[in-house]
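In: here is a sequence with its predicted model. Questions after.
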There are 2 protein chains.
Amino acid sequence: MEKIPYKIYLEESEMPKSWYNLRADMKNKPAPLLNPATHQPMKPEELAGVFCEELVKQELDDTTAYFAIPEEIRNFYRMYRPSPLVRAYCLEEKLQTPAKIYYKFEGNNTSGSHKLNSAIAQAYYAKKQGLKGVTTETGAGQWGTALSMACSYFGLDCKVYMVKVSYEQKPFRREVMRTYGASVTPSPSMETAVGRKILAEHPGTTGSLGCAISEAVEVATSTEGYRYVLGSVLNQVLLHQSVIGLETKAALDKYGIKPDIIIGCAGGGSNLGGLIAPFMGEKLRGEADYRFIAVEPASCPSLTRGKYAYDFCDTGMVCPLAKMYTLGSGFIPSPNHAGGLRYHGMSSTLSQLYADGLMEATSVEQTAVFQAAEQFARVEGILPAPESSHAIRVAIDEALKCKETGEEKTIVFGLTGTGYFDMVAYEKFHDGKMVDYIPTDEELQASFAKLPKVE
Amino acid sequence: MEKIPYKIYLEESEMPKSWYNLRADMKNKPAPLLNPATHQPMKPEELAGVFCEELVKQELDDTTAYFAIPEEIRNFYRMYRPSPLVRAYCLEEKLQTPAKIYYKFEGNNTSGSHKLNSAIAQAYYAKKQGLKGVTTETGAGQWGTALSMACSYFGLDCKVYMVKVSYEQKPFRREVMRTYGASVTPSPSMETAVGRKILAEHPGTTGSLGCAISEAVEVATSTEGYRYVLGSVLNQVLLHQSVIGLETKAALDKYGIKPDIIIGCAGGGSNLGGLIAPFMGEKLRGEADYRFIAVEPASCPSLTRGKYAYDFCDTGMVCPLAKMYTLGSGFIPSPNHAGGLRYHGMSSTLSQLYADGLMEATSVEQTAVFQAAEQFARVEGILPAPESSHAIRVAIDEALKCKETGEEKTIVFGLTGTGYFDMVAYEKFHDGKMVDYIPTDEELQASFAKLPKVE
């Protein structure tokens, strides 16, 4: 058989021409978004005040299997896609495992993560609608960076509300966004009514993702020519991110490789949902079977310890209600270093798949995650983001199980991004100062008690 | 004609199997290294106490045109090579130029720069010789990062002496090196005789590259099983870096493209020497003609304002003398943000080519460099290192000349790395606090006066 190369690159001509909408093949569709006041399904016209029109269509459409990727977006994708599918020969050798490990590397663009795949799509639709700009929030900064790049490319204004503690602790992330021409405001700010209200009530607050979302939504809905965009959780985001899975599948098919296990880190679900999409489609249609593993931090375990219920997407409770595995919109995760995974809920689509037993989930502690990250970096030559390293941890664990059993399983995981802006976390790990934190059952029960009552 | 893709990737099978030694085709060979005491050419046995044996051979051989790349090194290269040659369609459109712009992108590995190409080779030869480890110095940190990765791969110890001011200002670079298992010591340190001497004389000093070199050399030559390695300037480094040029040429040849102008940033010459090697070979053999442009910072203009003379490679004056364009080993460049270009001299090979009129050189000021960097980032989606951005500046300038004249020139430049660890510099630029600095003629004359007298 032909030797598998270290990196399987597709030709530009093999890049997907359509995104795949996993919902079209789901028997049990994800539950609809509800109006927080009436508890009725959100209508397109209600959503259109917040999101771009085309994105509202994508958000609500659970029957169309494929959406053509507009040529302008494909042109941008060509700058960094197709992304490589890497055979982790060096890691396999280090582990002395018979398992075959592959990872889809999405960190080889300046935004440093897969977030760009959806950012460019959302910016494109905003531009096409004739908007002046978009607003968003960012915590760890990956999404804000990606959106800034995308807006810069299309000449759109980009207003980023960055959680104040991140704004202060991650000045470099902020500067990357400024390099791409975005305005970055520490949240809560005095620019919005909700920001002023929060600052009056909690003068010393360092902010939260929920507050930043509320500010971004307020500015989008009250400023002529602006809409709000979001980097995860939503169906539209999973749709755009399906490009990851489609490329992965095309690359594997090229060499006749059928994976046994597909692993992805999961915060809001943007990467995992995209990576598994075409494989899960096959499983739903009964054409093939795979094990899917969602990996989340033990400090923010929405799938493994959350409730499957309707909840607010933001702590300000101004956004629609989504049915999802949630820890409660008031849950404050501990200061885990995987900032991109610190979200209280999980994508409705992934939640439904998990509820239906089509996907597994596991949680890992951050010290073990950084051990895996360092081991990986030393042999594979890529410094992984803390988020991505959750998937590495479980991929290594599965490969070590194969070593015990002698099974030659094929493991594929998503390497969503690089850790260049996370060296403070690596430093803590090196200095033995990293702390693991797991919420108690009492904490979770207290948070669940505040879930909205939806009939 | 076939449309040129955004990225031209070679197949793994098309990756160069040999490095090309440009010196073999030079009529006027670069001048030999001299023993600083006797002023006689350095003998292999003298160099063998400092460098690995195979590397000494490569350093001194100016007649063998090709050196086979050992399979172990090719295996490592496969993790991140062949690197892409990118057609800068978006930049061309932004500039509205008829010029065709290509860049060879060497930043898509965790070390973040081309330095890894030579680091892995040097680590390999150290391992092959049965050494325990290597020592080196680093300023900006790119070389130290690359070497740490390479040593980690081969299980070698790696001792990095990092200029103290960088050690303190760039803690994240330090942590990347630690992630790869290197020990990083701020220089000057109390670990070496030369460090203690300097600290006694200048208690508050924040160090210099010259001092760090002296410490690294002292440790290498006084510790059983260790040798010293260097990331630029030397012939061996240019040899390894020829992989950049060979791949670039192979990719261009695949589409029948003949460049008119080839542009590279130049500090010690590692990137430029590697990028131009096979093209310059053709020029030397009379097979083709190209314009080559070396771009250096106006604050450290060795080619454009230096003297072509024998000089010390380090400020401690313990290393051999090299004939090169130099600003004097005592020259202290201003705190330019392109740390990788702050070296007082230029590779002997490039110096000879420049002296023979085979290559042009130009210098640019850093504010103009960051303007180009930002313009590039916004359309091409890569955040460039300050060093690399010197080449971008001149590539843009040449493309704008084409716009005036209507000429459809083909411009190729080397994009050596990413700027993730240079956000302090970007911040200064955004805040309008960046200062340009050009040494006065008097400063340079004073420095030239201290050049060693070599007959």
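Out: Received the coordinates, thanks.

In: mind checking which helix or strand the residue of the stretch 151-300 of chain A found nearest chain B is in?
Out: Closest residue of the stretch 151-300 of chain A to chain B, CB to the nearest CB: A:F172 (3.7 Å). Backbone N, C-alpha and C define where each C-beta goes, glycine included. A:F172 is located in helix A:171-179, with elements delineated by DSSP states H and E.

In: list the buried residues of whichever helix or strand comes after that helix.
Out: With elements assigned by DSSP H and E, the helix or strand that comes after helix A:171-179 is strand A:183-187. Buried residues in strand A:183-187, counted by 16 or more other CB atoms under 10 Å in any protein chain shown: A:184-187.

In: ok, strand A:183-187: who's next to it in the sheet?
Out: strand A:157-163 (parallel) (DSSP bridges).

In: mind listing what's buried in the partner strand?
Out: A:157-163.

In: CA atoms of it as PDB?
Out: Only the C-alpha atoms of strand A:157-163 are listed here, as PDB (Å, rounded to 0.1, in the frame of the first residue of the first chain):
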ATOM      1  CA  ASP A 157     -16.000  47.800  10.800                       C
ATOM      2  CA  CYS A 158     -15.500  45.400  13.700                       C
ATOM      3  CA  LYS A 159     -16.300  46.300  17.300                       C
ATOM      4  CA  VAL A 160     -15.100  43.700  19.800                       C
ATOM      5  CA  TYR A 161     -16.100  43.700  23.400                       C
ATOM      6  CA  MET A 162     -13.400  41.900  25.300                       C
ATOM      7  CA  VAL A 163     -13.900  40.600  28.800                       C
END
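
In: so of the buried residues of strand A:183-187, which two are at opposite extremes in space?
Out: Spatially, the most separated pair among the buried residues of strand A:183-187 is A:V184 and A:S187, at 9.8 Å (CB to CB).

In: ramachandran angles for the closest residue to A:P333 other than its chain neighbours?
Out: Setting aside the residues directly before and after it, A:P333 is nearest to A:C300 in space (CB to CB, 6 or more residues apart in numbering or on different chains), at 4.0 Å. Dihedral angles of A:C300 (phi, psi; degrees, to the nearest 10) stand at phi -140, psi 70.

In: and A:C300, how many neighbours does it have?
Out: The burial count assigned to A:C300 is 24, neighbours taken as other CB atoms under 10 Å in any protein chain shown.

In: the bottom helix or strand of chain A by mean pLDDT?
Out: helix A:164-169 (a mean of 84; mean pLDDT, DSSP states H and E).

In: check whether that one comes near chain B.
Out: No. Judged by CB under 8 Å from any CB of the partner chain, helix A:164-169 makes no contact with chain B; its nearest approach is 12.6 Å.

In: so who does the residue of the stretch 151-300 of chain A closest to chain B touch?
Out: A:421, B:420, B:423-424 (CB atoms under 8 Å, 6 or more residues apart in numbering or on different chains).

In: A:G316: which of those residues is nearest?
Out: A:F421 (26.7 Å).

In: circling back: next, show the common contact partners of A:V184 and A:S187.
Out: What both A:V184 and A:S187 touch, as defined by CB under 8 Å, 6+ apart, is the set A:162, A:167.

In: contacting residues for A:A65?
Out: By CB under 8 Å, 6+ apart, the neighbours of A:A65 are A:20-21, A:24-25.

In: if any of these are buried, put those into a PyMOL selection.
Out: Typed into PyMOL, the line below selects the buried ones among the contacts of A:A65, using 16+ other CB under 10 Å:
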select buried, chain A and resi 20+21+25
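
In: any chance of the contacts of A:A65 in JSON lines, plus distance to A:K115 and pLDDT?
Out: Formatted as JSON lines, the contacts of A:A65 follow (distance: CB to CB, whole Å; pLDDT from 0 to 100):
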{"residue": "A:Y20", "distance to A:K115": "19", "pLDDT": "98"}
{"residue": "A:N21", "distance to A:K115": "20", "pLDDT": "98"}
{"residue": "A:A24", "distance to A:K115": "24", "pLDDT": "98"}
{"residue": "A:D25", "distance to A:K115": "25", "pLDDT": "98"}
